[in-house]
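Trainee: here's a sequence, model it:
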Amino acid sequence: MSENLKVTEKGISIFVVYIVVLIHIMPFAAFTTPFYVTMDLTLFFLSYTLRVFALTGGYHRYFSHKSFQTSRFFQFFLAYLGACALQGGPLWWASHHRYHHHHSDTEKDTHSPRLRGFWYSHFGWFMKKKNLHAHYHLIRDFSKYPELRFLERYWYLAPLPVIALLYVLGGWNAMVWGFFVPTVFVNNVTYAVNSLVHVFGGRRYQTKDDSRNNLLVALFAFGEGWHNNHHRFAGSARQGFAWYQLDITYLILKFCNWLRIVAKLKPVPEKILKEGHYL
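Mentor: As a prediction, this is how the structure comes out:
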């Protein structure tokens, strides 16, 4: 996941295993502090929303597919928030996703659930040492930025300022509900795009892979569950091709476009919509 990790081609990374275990035990800290309904749920919602959007709108639609344009500042902001989700650096994440699209559900696909099973595609694949390197030849467009390379190298340190700020503002309770508890939800919801929506759901397009449209994953993963749509036309900023396919990430991007934070959101071509009987 980072160019500073010295890895071999075999075995699993104990470092990454520790990160995954930490993510899944952090929510138990909620039993050590009182639950304040309004404040804690607000913290949870904000933390969840910001980081899921950073992964779906930033790591995925921007860094992986360049489906819109933005400033260098907002580019780094998206990358930083994405790193705060503890899913590796933006260059590693995006390059592996591009590789996935090149080889989706074939023997070369790193995390095909049909070929490798649910748990491996959910999170086992990125515990393997051989998968910790970014495919830099696939991400030359973004690896030229020194600030992104720096974040790529030290992605696991990105959450520390956020955790410290939460503690200063609200103590242990704010840390638990503003970071620890939502982190496990953020990660498993987005892992499910690899493990579930290549197995469960409907198919509007007869793509060469096993991608599916899954309403439940789309709701929690802010539109990423419309995965069959996405695999048919990956470059679009929008993955819910129909008005009834809720795509929260796209709605946020539209709002950011209205604010002129992002620009040139790539649309779905009319012929693709007609092919899927959306028109």
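Trainee: ok, which stretches of the stretch 151-279 of the chain are helices?
Mentor: With DSSP state H, counting those that start in this stretch as the criterion, the stretch 151-279 of the chain has helices at 159-175, 181-195, 215-220, 227-232, 248-258, 270-275.
Trainee: of those helices, which stretch is the most buried?
Mentor: helix 227-232 (a mean of 26; mean count of other Cβ atoms under 10 Å). Every C-beta, even on glycine, is put in place using the N, C-alpha and C of the backbone.
Trainee: what is the mean pLDDT for it?
Mentor: Average pLDDT, helix 227-232: 98.
Trainee: cool, stretch 161-176 as well?
Mentor: Mean pLDDT, computed over stretch 161-176, is 97.
Trainee: now stretch 127-142
Mentor: 95.
Trainee: buried ones in it, by neighbour count?
Mentor: For stretch 127-142, burial by neighbour count (16 or more other Cβ atoms under 10 Å) applies to M127, K128, K129, N131, L132, A134, L138, I139, F142.
Trainee: distance check, the third one against T207.
Mentor: I take that to be K129. With the distance defined as Cβ to Cβ, to the nearest Å, K129 ends up 31 Å from T207.
Trainee: same question, the fifth one
Mentor: Counting by Cβ to Cβ, the gap from L132 to T207 is 29 Å.
Trainee: ok, back up a step: possible to save the helices of the stretch 151-279 of the chain as a markdown table with distance to Y59?
Mentor: Shown next, in a markdown table, are the helices of the stretch 151-279 of the chain (distance: least, Cβ to Cβ, whole Å):
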| stretch | distance to Y59 |
| --- | --- |
| helix 159-175 | 15 |
| helix 181-195 | 9 |
| helix 215-220 | 17 |
| helix 227-232 | 14 |
| helix 248-258 | 11 |
| helix 270-275 | 23 |
